[in-house]
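In: Whatever this is, show me its structure:
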Amino acid sequence: MWYALYTRQGQEKKVASLLSRKNIEHYCPMKRSWNGRRKVVLEPLLTSFVFVKSAAADLVQVRSIDSVLNFVYWLGKPAVIQEEEVEIMKRFMNEYSNIEVEKIPFNVNGMARVVNGAAEDVKMHRVSVTNNSVRIVLPSLGYVMVAEIDSQNLQPAKQSTPSFPAFLDNYRFAF
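Out: Numbering: from 1, shown residues only. Below is the predicted model:
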């Protein structure tokens, strides 16, 4: 299972290196930034976070690594990050540049699960494309990844369902 480690600020690369030395699978998403005008540097996309894939029995060993402050907890246990979300992050980082993250509000009282219908027990990630940016929600992390996209790479979505009635064609809908 994947877990999120909370590290000392600025120690994400060090923690990733220590995890590599111990042959522990990990992922630290890095983005390119300009250091002044001359040099491109890699810095963590999510400040103070490194993701680690580990068995529950090995969590104590992972927690004891230098510069790891703790796991991110949810309901008293280390929060489990979905495998598909880590894969989506990796793919997003490989395909897009100028990526930023935004924290999304989370309201535990507003949670609901669809128990009957097409969305029943479906793991969904909200993806939206507006203007020249693509956004993907990572629900188990509480973040949205945002990247610029070249308008040449956009094409209208194919409709697999009947289209809206003609009188609605002139209206824009936000979902």
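
In: and the biggest helix by length in the chain, how far from the chain's centre?
Out: Under DSSP state H, the helix in the chain containing the largest number of residues is helix 83-95. Put simply, helix 83-95 sits 7 Å off its chain's centre (Cα atoms, centre = their mean, to the nearest Å).

In: And for stretch 75-85?
Out: With Cα atoms, centre = their mean, you get 12 Å for stretch 75-85.

In: Equivalent analysis for stretch 30-49, please.
Out: That offset, for stretch 30-49, works out to 17 Å (Cα atoms, centre = their mean).

In: mind listing what's buried in that stretch?
Out: For stretch 30-49, the buried set under the neighbour-count rule, 16 or more other Cβ atoms under 10 Å, comprises 31, 44, 45, 46, 48, 49. Glycine gets a C-beta too; all of them are placed from N, C-alpha and C.

In: could you point out where the chain is predicted with low confidence?
Out: 106-126, 150-175 (pLDDT under 70).

In: Can you spell out the domain ranges of it, please?
Out: 1-81, 87-158 (automatic domain parsing).

In: so who does the residue nearest to the spatial centre of the chain touch?
Out: Using Cα atoms, centre = their mean, the residue of the chain that lies closest to the mean C-alpha position is residue 138, 4.4 Å off. Contact analysis of residue 138 by Cβ atoms under 8 Å, 6 or more residues apart in numbering lists 85, 88, 89, 125, 144, 145.

In: wait, the fifth one sits on residue 101?
Out: Read it as residue 144. Yes - the criterion here is Cβ atoms under 8 Å, and residue 144 meets it with residue 101 at 6.8 Å.

In: in the sheet, who's paired with the residue nearest to the centre of the chain?
Out: According to DSSP bridges, the residues that bridge with residue 138 are residue 143.

In: can you tell me how far it sits from residue 7?
Out: 18 Å (Cβ to Cβ, to the nearest Å).

In: follow-up on the earlier one: which PyMOL command selects the buried ones in the contacts of residue 138?
Out: The PyMOL command for the buried members of those (criterion: 16+ other Cβ under 10 Å) is given here:
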select buried, resi 85+88+89+144+145
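
In: Cool, thanks, talk later.
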